[in-house]
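Colleague: Predicted coordinates and the sequence they were generated for:
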Amino acid sequence: MKSFYLGNIEIKLPVIQGGMGVGVSLSGLASAVANEGGIGVISCAGLGLIYHKSQGNYLENCIWGLKEELRKAREKSNGIIGVNIMVALTNYVDMVKTSIAEGVDVIFAGAGLPFDLPSYQTPGSKTKLVPIVSSSRAAKILCDKWKNNFNYLPDAIVVEGPKAGGHLGFKLEQIDDEKFSLEQLVPEVLEVVAQYKDEKVIPVIAAGGISSGYDMYRFIEMGAAGVQMGTIFVTTEECDAATEFKKIFIDAEQGDLQIIQSPVGMPGRAITGEFIKSVEKGLEVPKSCPFHCIKTCDYSKSPYCIIQVLYQAARGNMKKGYAFAGINAHLAKKIISVKETIATLQAEFSLAKQGAL
């Protein structure tokens, strides 16, 4: 596996650990991946709920929680640490400003297009800015807006296909349409970034449903600089979620993965279970909106509070929550370390490379 660069930062292992909220990828998982040479990523979603015992309100606790998770990650690792910030978060700006002030290495911003992200950079800031897109059109629009408005181009672009876990940037009818597959999207985004090659090298990161070293080899041969992987790291010892949450992945069969309609207003891929079945029967109704965490969520029209549901799941209370997961979640067989996971990916990558020679 070749390293690649985000500006002046060398990423020795071309693996970005996907940000998974609420409470699935925090400092424990992020630091472990960073120690192996990849980019470890802390999810900013719902940090105020995880740090609810602090003195402030939800929004203040989110800021405090992010600072604490970054501090813990730095104690455990000297590697590259990033954060994943959903543009749809009501406290998106707070999370961006805090990340930059704390000197985080990379901000990954998705679930909406982060048109204003470079505006929060401060003098001397070294934080790299990486948008997550689901089409070449979005990549082109974003590059042009950043260039025209801020004289800044992305330090990389993550292109996420419809096989990802969690919220998907696709319409329902596009999810199984080959025209929107990652194999189609990656070359299209590579064409977009090639237009700016004289100004800046913009690495393209492939994401969504990538679950092996064989997958990695395929997309890197296609021209991607690296891959983003989330689901494969859920069943690691260092993952910050409860063991009960991880066991849902190990016990899952292929038919257990389904597309659901999230209260956020986007389709999402999740592992079916007791709670989702209860929602389908109309038995779940939120009584209030204590956090207003997502801009697009109207609790009066939602079957449940998504932040509460994801928080309960990560704590292991699967009767009150569910797990978002990528399309290959059922391949997990046991809980192993991040080091073992990376070693398996490297071995598979080598075998794929040998097979192609």
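Modeller: Cool, the structure landed. Residues are numbered from 1 along each chain as shown.
Colleague: Contacts for whichever strand or helix holds Ser31, please.
Modeller: Applying DSSP states H and E as the criterion places Ser31 in helix 27-35. Outside of helix 27-35, the residues within contact range by C-beta atoms under 8 Å, 6 or more residues apart in numbering are 15, 17, 39-42, 69-70, 72-73, 76-82, 233, 236, 238-240, 337-339, 342. All C-beta spots, glycine's among them, are computed from the backbone N, C-alpha and C.
Colleague: Please check those and keep the buried ones.
Modeller: Burial by neighbour count, judged by 16 or more other C-beta atoms under 10 Å, picks out 15, 17, 39-42, 69-70, 72-73, 76-77, 79-82, 233, 236, 238-240, 338, 342 from those.
Colleague: Just the residues you listed: which are in strands?
Modeller: With strands defined by DSSP state E, the entries of the buried ones among the contacts of helix 27-35 inside them are Val15, Gln17, Ile39, Gly40, Val41, Ile42, Ile80, Ile81, Gly82.
Colleague: Determine which two of these are furthest apart.
Modeller: The most widely separated members of these are Val15 and Ile42, with 15.8 Å between them, by C-beta to C-beta.
Colleague: And the strands in the stretch 201-350 of the chain, which stretches?
Modeller: If you assign secondary structure with DSSP state E, counting those that start in this stretch, the strands in the stretch 201-350 of the chain sit at 204-207, 226-229, 257-261, 267-271, 323-324.
Colleague: Just say which of the ones you listed is most tucked in.
Modeller: With neighbours taken as mean count of other C-beta atoms under 10 Å, these reach their highest mean count in strand 204-207, at a mean of 28.
Colleague: so what's the residue lying closest to Asp105 once chain neighbours are set aside up against?
Modeller: For Asp105, ignoring the flanking residues on the chain, the nearest one in space by C-beta to C-beta, 6 or more residues apart in numbering is Ile80 at 4.8 Å. Neighbouring residues of Ile80 by C-beta under 8 Å, 6+ apart: Ile9, Ile11, Ala34, Gly38, Ile39, Gly40, Asp105, Val106.
Colleague: again, only this time at 10 Å
Modeller: In this structure, Ile80 makes contact with 6, 9-13, 16, 30, 33-34, 37-41, 104-106, 128, judged by C-beta atoms under 10 Å, 6 or more residues apart in numbering.
Colleague: so Phe349 touches Met216, yeah?
Modeller: Yes. With the criterion set as C-beta atoms under 10 Å, Phe349 and Met216 qualify as a contacting pair; they are 5.4 Å apart.
Colleague: overlap in contacts of the two?
Modeller: When contacts are counted by C-beta under 10 Å, 6+ apart, Phe349 and Met216 have Met1, Pro14 as shared neighbours.
Colleague: What number of neighbouring residues does Lys320 come out with?
Modeller: With neighbours defined by other C-beta atoms under 10 Å, the count for Lys320 comes to 16.
Colleague: got a pLDDT number for it?
Modeller: The confidence metric pLDDT takes the value 91 at Lys320.
Colleague: who does the helix or strand hosting Lys67 touch, helix- and strand-wise?
Modeller: Take DSSP H and E as the rule and Lys67 turns out to sit in helix 58-76. In this structure, helix 58-76 packs against helix 27-35, strand 39-43, helix 47-50, strand 80-86, helix 92-101, with contacts taken as 3 or more C-beta pairs under 10 Å, 6 or more residues apart in numbering; DSSP states H and E.
Colleague: So which elements touch the longest one?
Modeller: Where contact means 3+ C-beta pairs under 10 Å, 6+ apart, helix 92-101 is packed against helix 47-50, helix 58-76, strand 80-86, strand 106-110.
Colleague: Pick out the shakiest of these, pLDDT-wise.
Modeller: Taking the average pLDDT of each of those, the minimum falls on helix 47-50, with a mean of 92.
Colleague: quick one: that helix to chain centroid distance?
Modeller: In terms of C-alpha atoms, centre = their mean, to the nearest Å, the centre of helix 47-50 is found 17 Å from the chain centre.
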